[in-house]
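Participant: what follows is a predicted protein model with its sequence.
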Amino acid sequence: MTYATINPYSGELLQTFPDATDAEVSQAIEAADRAFHRWRETSFAERATILRNAAAILRRDQDRYARLLTLEMGKLLTEAKAEVELSAAIFEYYAKNAEHLLAPERLPVADPREGEATLVHEPLGVLLAIEPWNFPYYQIARIIAPQLSAGNTMLLKHAANVPQCAAAFEALMREAGLPEGAFRNLYATHDQIERIINDPRVHGVALTGSEAAGAVVAAQAGKALKKSTMELGGADAFIVLADADLDKTVDWAVFGRHWNGGQVCVSSKRMIIVDEVYDAFLERYTKGVSALRMGDPSDPETTLAPLSSEKAVADLREMIARAVEHGATATPVGPDAPNRGAFLQPVILTDLDDDNPARHWEFFGPVSMLFRAKDADDAVRIANDSPFGLGGSVFTADTKRGAEVARKISTGMVFVNHPTMVKADLPFGGVRRSGYGRELLGLGIKEFVNHKLIDVVDIDAPF
């Protein structure tokens, strides 16, 4: 596996990093286990201080951290700064709430004379996080903030194209005061990942990534009898009902599909519009997408980022061609892509019949699928006709009705009149091929703890 910084805008190879040696992996596991036995005994207040320090450093050096995101994966600088702030907010959320979220719970028992039952939440130990490149800091923050708060320690295997972001986050936590070994970045190989999962000192693995990667890692964790959480792909539905404010809805549709270059698991990949407003929506949406500007992601005038790599562009072009072979219509929108950079001209796919397999794919870039629905019920049917179940949205003037439609959509998250809301105080996760488990909020912090029953019983023995 080659860990390297390749600027997606210039195509320039800037730096390579050697894979971790087996000795480095062994040392990291040993250090993380040693740190765990001390870290689990630290108070919530001490842990919170370190997380607040991390948040403060991120905000102090926001521009430096943001520019590294832009350099390695091509994120717009404005979006990069927003990611740095979101990561800081996640640290602050757990600094403030971890102790409350993990407070012992007194359990009601049928007969109080038979005992006082309490549920306590204790850390498991060393955990492995396997994270993707599209949100290099946010993906780390949303797993290490809750798990470090709970008393676990962490090993990180980040994506091969963001090695400097991974190293920067390790340095961040060290500067924040985290004990040596409690969080370690490893440029690990696939074989080393399996070795880490099988080590008895490692007690769980959290992965965000592709279905293929999730299937492999989940199988390895299952074989080793280790807890795992999987946040995988998504093809979120963006349902537009007849009474929706089209101007506002189209603005959100353009943003929801194209932020972060369209490389978001919860971006609005499938636009499902009721027949009554389909033509008007398509006309306005095409105009909105045409207004996007591709270019230097550091330029504040740029509104559509490059993809993460030239390979990502080639893969998307191949998927579009296959969709067309099965009967879809592909309409390029807006100006041609620049002569430099990993850009793909936005494409709108229509005429995706029920027998076209492309309707079930995840297009990870500026490719929109549009579906015409007869009515709200038909829109729900189309939305649920997917192997994925991560997020989704409903746009309507009647928010009560929107919430009712949202309840019928089979996903982990649905938003009314917003494409997706990613915040520190909202849970994140999906169902079916989108994975299992939740991150953030109380659900996330409790994924990798031992929910231990302590029952104080003082009654006479039956004999």
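Facilitator: Everything's here; your move.
Participant: and stretch 149-156, how far apart are its ends?
Facilitator: 16 Å (CA to CA, to the nearest Å).
Participant: show me how far it is from its chain's centre.
Facilitator: 18 Å (CA atoms, centre = their mean, to the nearest Å).
Participant: give me the mean pLDDT for it.
Facilitator: Across stretch 149-156, the average pLDDT comes to 98.
Participant: before we move on, what about stretch 311-320?
Facilitator: 97.
Participant: please apply the same query to stretch 51-68.
Facilitator: Computed over stretch 51-68, the average pLDDT equals 98.
Participant: how about it: buried residues?
Facilitator: 51-55, 57-58, 62, 65-66, 68 (16 or more other CB atoms under 10 Å). (C-beta placed from N, C-alpha, C; glycine too.)
Participant: show me which of those is closest to T2.
Facilitator: Using CB to CB, L68 comes nearest to T2 of the buried residues of stretch 51-68, at 18.9 Å.
Participant: name the SS class of that closest one, please.
Facilitator: helix (DSSP: H, G, I helix; E, B strand; the rest coil).
Participant: test my guess that it contacts A168.
Facilitator: Yes: using CB atoms under 8 Å, L68 is in contact with A168, at 5.9 Å.
Participant: about what we covered before: need the max-distance pair from the buried residues of stretch 51-68.
Facilitator: Checking the buried residues of stretch 51-68 with CB to CB, the most distant pair is R52 and L68, at 22.2 Å.
Participant: which residues sit against the helix or strand harbouring T49?
Facilitator: Taking DSSP states H and E as the definition, T49 sits inside helix 44-60. Helix 44-60 has contacts (CB atoms under 8 Å, 6 or more residues apart in numbering) with 39, 65, 84-85, 87-89, 91-92, 94-96, 98-99, 102, 137, 145, 148-149, 151, 172-173, 175-178.
Participant: next one: stretch 63-71
Facilitator: Contact with stretch 63-71 is made by 5, 7, 14, 58, 75-77, 80-81, 83-84, 136-137, 164-165, 168, 297-298, as judged by CB under 8 Å, 6+ apart.
Participant: then stretch 18-31?
Facilitator: Here stretch 18-31 has contacts from 1, 3, 126, 155, 180-181, 184, 186-189, 192, 195-196, 199, 201-202, using CB under 8 Å, 6+ apart.
Participant: ok, stretch 85-92 next?
Facilitator: Under CB under 8 Å, 6+ apart, the answer for stretch 85-92 is 51-52, 54-56, 58-59, 62, 137-138, 140-142, 145, 422-424, 440.
Participant: try it again at 7 Å.
Facilitator: 51-52, 54-55, 58-59, 137-138, 141-142, 145, 422, 424 (CB atoms under 7 Å, 6 or more residues apart in numbering).
Participant: I'd like the average pLDDT over it.
Facilitator: 98.
Participant: how far does that stretch sit from its chain's centre?
Facilitator: 15 Å.
Participant: of the contacts of stretch 18-31, grab the buried ones for ChimeraX.
Facilitator: Selection command for ChimeraX covering only the buried members of the contacts of stretch 18-31, criterion 16+ other CB under 10 Å:
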select :3,126,155,181,184,186,187,188,189,192,195,196,199,202
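Participant: in strands only, show me the contacts of stretch 18-31.
Facilitator: 3, 126, 155, 184, 202 (DSSP state E).
Participant: switch those residues over to CSV; also include distance to R407.
Facilitator: CSV is the format used below for the ones in strands among the contacts of stretch 18-31 (distance: CB to CB, whole Å):
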residue, distance to R407
Y3, 44
V126, 39
L155, 39
R184, 43
V202, 39
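Participant: all helices of the stretch 101-250 of the chain, in order?
Facilitator: Here the stretch 101-250 of the chain has its helices, by DSSP state H, counting those that start in this stretch, at 138-150, 163-176, 190-198, 211-223, 246-258.
Participant: check these for me and report the most buried one.
Facilitator: Mean neighbours per residue, mean count of other CB atoms under 10 Å, is largest over the helices of the stretch 101-250 of the chain for helix 138-150, with a mean of 27.
Participant: and it, what does it pack against?
Facilitator: helix 44-60, helix 77-101, strand 126-130, strand 153-157, helix 441-445 (3 or more CB pairs under 7 Å, 6 or more residues apart in numbering; DSSP states H and E).
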